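1. Kindly generate the corresponding structure for this input.
(chains A and B)
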Amino acid sequence: MRIGIDVGGTNTDAVVMDGVNVVTTTKTPTTENVTDGIVSALRGVVENSNLDVGSIDGVMIGTTHFTNAMVERRRLEPTACIRLGLPATVCLPPLVDWPDDLAAVLGNHTYLAHGGHEFDGREISAFDSDEVRNIAKDIKSKGINAIAISSVFSPVNSEFETKAAEVVQDVIPDANITLSSTIGRIGLLERENAAVMNACLRNLAVATVSGFKEALSAMNISAPFFISQNDGTLMNADFAADYPVLTFASGPTNSMRGAAFLSDLKDAIVVDVGGTTTDVGVLQQGFPRVAATAVSIGGVRTNFRMPDTLSIGLGGGSIIQENPIKVGPQSVGFELTQKAQVFGGSVLTATDIAVAGGLASVGDQDHVSKIDSTLIKNIIGQIQEMVSVAVDRMKTSASLVPAVIVGGGSILIQDQIEGTSEIVKPNHYSVANAIGAAIAQVGGETDRVFSLAEMSRDEALAEAKTEATDRAVSAGAQADTIEIVDVEEVPLAYLPGNATRIMVKAVGDLAGN
Amino acid sequence: MKTQITVDDVEAVAIGAGILGTGGGGDPYLESIQLRRELKKYGAQQLIDPKMVEEDALMAVVGMIGAPTAGIEKLQEGTELVRAVRLLEEHLDQKFDAIVIAEIGGANSMGPLIAGLQAGIPTVDGDGMGRAFPELQMSTFLFHGDVEVAPLAMVEAGKASVVIPTTIDALWSERLARNLATSMGATAGLAGVVLTGKQVRDYCVPYTMSLACNLGERVLQARAHGEDVSEVIASSLGGKVQLRGKIIDVFRRTTRGFARGNLTIEGFGDTASLLEIDFQNEFLIAKQDGEVVATVPDMICIVTEETGEPISTERLHYGTRVSVLVVPGAAGLKTPEALCVVGPQAFGYETEFKPLPGNLPDNGEVLGKGQPL
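-> Coordinates of the predicted model:
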């Protein structure tokens, strides 16, 4: 048995799966303190199915917490960014291409210092520890302790980032530091962006992961637990506390994998309507289509390889403005059941409109009976239009394709969307994310430089594939289920011996079920 | 043609120049952020009509030289190009009247606008390639025997700068400049190829900044209206969509500083046609089921099938769904003299140049179905 849990901005869903069978599901509101929401979701499924907690092999948790925090600009720590690379890089300082509102939330505390390396390992300029110490003092005087450090070509040589971190830690002992070299690949701005996002999310991540732990121990569950990553594979919980950015887009991946599993469709558009956002993605052969170009999170460009999804600020908790009509992007999030009018609150949300318009029956319909019917019609029209536009943008051709609608906010969507051949709302549609988490696989990756002067390309590829497969097995994958899902070769310019970086990823099912 | 570039044009220029990069030239993303910042500071950058320039005006060709992979990591200090221009002026003891774009394809489309803004002189609406090429000598300004690359000036992010007063020929200039650029961290600003107004008028690939901007605007419009973006791009430039399919293999290696390799695309549909493309920084030769369908200096562009976003040779990835577009090159690249420098054999292939019908639009306007709705 395995339990899949999806902690969304609005709802916490849980499913119990026995092999490919869904044993039971539950949906509970996400709580301010995430632990309580998870405990009540776990209690729900355990009690529903009289589950013996000893029979649980693993708990897989997917969370959109961190993505939502970026999108909504909430619960982000003021963060400083120190970049080592002077005199180069001046014309594009850290946060240069961030949306103004998000940069303002973080405080625009950016610093340029000497250091950095050339492509061939020479120093651009010498590391100056006094310079970094003065910067650290300035950061300390502002009361900031979340700090991202980047250095030019740190994926090739991370020495200066490490040195700078030591100096900063010396000045600010409780500093929470993220080094860009631990997160991303070549591409200074994108890697630095990811490091800054990680730094501003660390406090939230530590609190969230310890909340998960408490919830499991409150339920006497001792099975190992995992967190979903952006590529749909699992990572262990402690790692996730340090690297919350690696969970970005795990929600869409889980929901698409869940949608494929539930609908039995391998090629389709998936529309996942959550409480805060709607993510539209494309299934190809049962897997999410991966973005070919840079992906933005909350308006910030990154170079992670992620599912190609379009996220719009529409969900069950979206706050409605009436004049002029505007749906989202602000959401009442997990406070839906207190703040929405159908639940006795005073905020007009998309869920209230769905109930008033007869699309759904949740809460108390009487609370929304006085809303003007033209207004309802116009808002529903706008919601439908937002979804149609998003679906159309994601389609690969003009021909009609099936759309699978999943997620708790599916009630907002009527049974017809322009450009689709059919609308499928599968069983358990509202917990597709949790199902995607429960069926998530374990991955193994290798990423290293091979010299093609010493071996053939085929030999190098074979060796890399074997390594990735072995790593997947040692991470807990069942050997006969392992598939190579990604192969990337990038030649390294200006190095002798035809050096090529080969990255291979293998995934397989978690053994033991 | 356009008479100026404003902050509202930057997105369109980036899209158009990215497509004209034919897989090389670098992603103009970083340069477009910098260009926006400079345009906000200085206002619009004036373009001058290459057919109307004064015969005795003095101009220099500018562009960044190095490796795009280094450039996305070691970002520019921001004044490399204008410092190279000033250094060359000091060397000549003469002032330039305008900046000429070395290469419209890719990231190098933006720097000559930034350098012009910083120097307070206009940029010519035209360039020396009409696309992207990997080496200095591959320029229409140099195919006629009366223009030299040297004297040239090169400047890096820090204090180092160099003037090369003379070299033997364009190839020598390329070798020297390439080695210097590598020493300068594989990103350096270069100003050289000093031209008179008459030479600009006679030799440049005309109105390519306008073309990039108009093409980009047309792509944005096509996306907004849900049109077939690949088809729109191909028609806009007088070319066609050769194949739509999925990348099934990419093989790369680096020799002599250039990323070389080949890729295979399997067409959609039952026939499963195979398209193989050889590349060296740019896409150079396309063969469909064994038959040569396009050759350099004609252009082979790969764009994402859905949004028509150009894919560079560094970003080629197994499984990506793409459209392959073939587009005729600029007329100035197809003379016998030019083909010796930019034809397939100049890149080490045995294939003869097999021209596509037509030429790249030479008035800055997009064509046919590419025309605005």
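
2. Break the chain into its domains for me.
-> Assuming you mean chain A. Domain assignment for chain A, taken from automatic domain parsing, gives A:2-70+A:212-263, A:75-205, A:268-435, A:441-508.

3. wrong one, chain B
-> If the domains of chain B are taken from automatic domain parsing, they occupy B:4-206, B:228-370, with pieces of a single domain joined by a plus sign.

4. and A:Glu131, what element?
-> For A:Glu131, the enclosing helix or strand under DSSP states H and E is helix A:129-141.

5. one step back: looking at the domains of chain B, which is closest to A:Asp447?
-> domain B:228-370 (14.8 Å; Cβ to Cβ). (C-beta placed from N, C-alpha, C; glycine too.)

6. neighbouring contacts of the helix or strand of chain A with the lowest mean pLDDT?
-> In chain A, the helix or strand scored least confidently by mean pLDDT, DSSP states H and E is strand A:442-451, which has a mean of 75. Judged by Cβ atoms under 8 Å, 6 or more residues apart in numbering or on different chains, the contacts made with strand A:442-451 from elsewhere in the structure are A:229, A:231, A:233-234, A:460, A:463-464, A:467-477, A:492, A:497-510.

7. Using PDB, write out every CA atom in stretch A:295-308.
-> Extracted C-alpha coordinates of stretch A:295-308, given in PDB (Å, rounded to 0.1, in the frame of the first residue of the first chain):
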ATOM      1  CA  VAL A 295      10.300  28.200 -18.200                       C
ATOM      2  CA  SER A 296       9.100  31.100 -16.000                       C
ATOM      3  CA  ILE A 297       7.900  30.700 -12.400                       C
ATOM      4  CA  GLY A 298       5.900  33.600 -11.100                       C
ATOM      5  CA  GLY A 299       7.400  35.700 -14.000                       C
ATOM      6  CA  VAL A 300      11.000  34.600 -13.200                       C
ATOM      7  CA  ARG A 301      13.000  32.800 -15.900                       C
ATOM      8  CA  THR A 302      14.700  29.600 -14.900                       C
ATOM      9  CA  ASN A 303      16.600  26.900 -16.800                       C
ATOM     10  CA  PHE A 304      15.100  23.800 -15.100                       C
ATOM     11  CA  ARG A 305      13.700  21.200 -17.400                       C
ATOM     12  CA  MET A 306      10.100  21.200 -16.600                       C
ATOM     13  CA  PRO A 307       6.800  20.100 -18.000                       C
ATOM     14  CA  ASP A 308       5.500  22.600 -20.500                       C
END
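
8. Need the contact partners of it.
-> Applying Cβ under 8 Å, 6+ apart, the external contacts of stretch A:295-308 come out as A:67, A:70-71, A:73, A:97-99, A:102, A:184-185, A:187, A:189-191, A:193-194, A:197, A:230-232, A:245, A:248-249, A:252-253, A:256, A:281-282, A:288-292, A:294, A:394, A:486, B:29.

9. How about the residue of chain A found nearest chain B, nearest residue that isn't a chain neighbour?
-> Ranked by Cβ to the nearest Cβ, the top residue of chain A for proximity to chain B is A:Cys91, at 2.7 Å. Here the nearest residue to A:Cys91 in space, its sequence neighbours aside, is B:Gly78; by Cβ to Cβ, 6 or more residues apart in numbering or on different chains that works out to 2.7 Å.

10. Residue 317: what's it in contact with?
-> You didn't say which chain, so I picked chain A. A:9-10, A:275-276, A:331-336, A:340, A:349-351, A:409.

11. wrong chain, I was asking about chain B
-> With contact taken as Cβ under 8 Å, 6+ apart, B:His317 is in contact with A:Val290, A:Ala292, A:Glu488, B:Ile247, B:Val250.

12. Relative to B:Ile265, how far out is it?
-> Taking Cβ to Cβ, to the nearest Å as the measure, B:His317 and B:Ile265 are separated by 12 Å.

13. Which neighbours do the two have in common?
-> Overlap between the contact sets of B:His317 and B:Ile265, as judged by Cβ under 8 Å, 6+ apart, is given by B:Ile247.

14. any idea how far A:Ala136 lies from A:Val282?
-> With distances defined as Cβ to Cβ, the gap from A:Ala136 to A:Val282 amounts to 46 Å.

15. How about B:Met299?
-> Summarising the geometry, the distance separating B:Met299 from A:Val282, computed by Cβ to Cβ, is 29 Å.

16. ok, now A:Pro87?
-> 44 Å.

17. one step back: B:Met299 and A:Val282: which is more packed in?
-> Summary of the neighbour comparison: B:Met299 and A:Val282, criterion other Cβ atoms under 10 Å in any protein chain shown, with B:Met299 having more neighbours (29 against 24).

18. need the helices for the stretch 1-150 of chain A, in chain order.
-> With DSSP state H, counting those that start in this stretch, the ranges of helices along the stretch 1-150 of chain A come out as A:34-48, A:65-72, A:100-106, A:129-141.

19. any idea which element B:Ser32 lies in?
-> Taking DSSP H and E as the definition, one finds B:Ser32 inside helix B:29-42.

20. And that helix, how far out from the chain middle?
-> In terms of Cα atoms, centre = their mean, to the nearest Å, the centre of helix B:29-42 is found 19 Å from the chain centre.

21. That helix: which residues count as buried?
-> B:Tyr29, B:Leu30, B:Glu31, B:Ser32, B:Ile33, B:Gln34, B:Leu35, B:Arg36, B:Arg37, B:Glu38, B:Leu39 (16 or more other Cβ atoms under 10 Å in any protein chain shown).

22. Then stretch A:24-43?
-> Neighbour counts using 16+ other Cβ under 10 Å place A:24-31, A:34-43 of stretch A:24-43 among the buried residues.

23. now, which of the buried residues of helix B:29-42 sits nearest B:Thr335?
-> Out of the buried residues of helix B:29-42, the member with the shortest distance to B:Thr335 (by Cβ to Cβ) is B:Glu31, at 30.7 Å.

24. OK, contacts around that closest one?
-> Taking Cβ under 8 Å, 6+ apart, one finds B:Ala14, B:Ala107, B:Ser109, B:Met110, B:Gly111, B:Ile114 in contact with B:Glu31.

25. helices and strands of chain B: which one bottoms out on pLDDT?
-> Ranking every helix and strand in chain B by mean pLDDT, DSSP H and E puts helix B:68-71 at the bottom, with a mean of 79.

26. got the CA coordinates for that one in PDB?
-> Output in PDB follows, covering the C-alpha atoms of helix B:68-71 (Å, rounded to 0.1, in the frame of the first residue of the first chain):
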ATOM      1  CA  PRO B  68      27.500  32.100 -26.900                       C
ATOM      2  CA  THR B  69      27.900  29.400 -24.100                       C
ATOM      3  CA  ALA B  70      30.500  31.700 -22.500                       C
ATOM      4  CA  GLY B  71      28.300  34.800 -23.000                       C
END
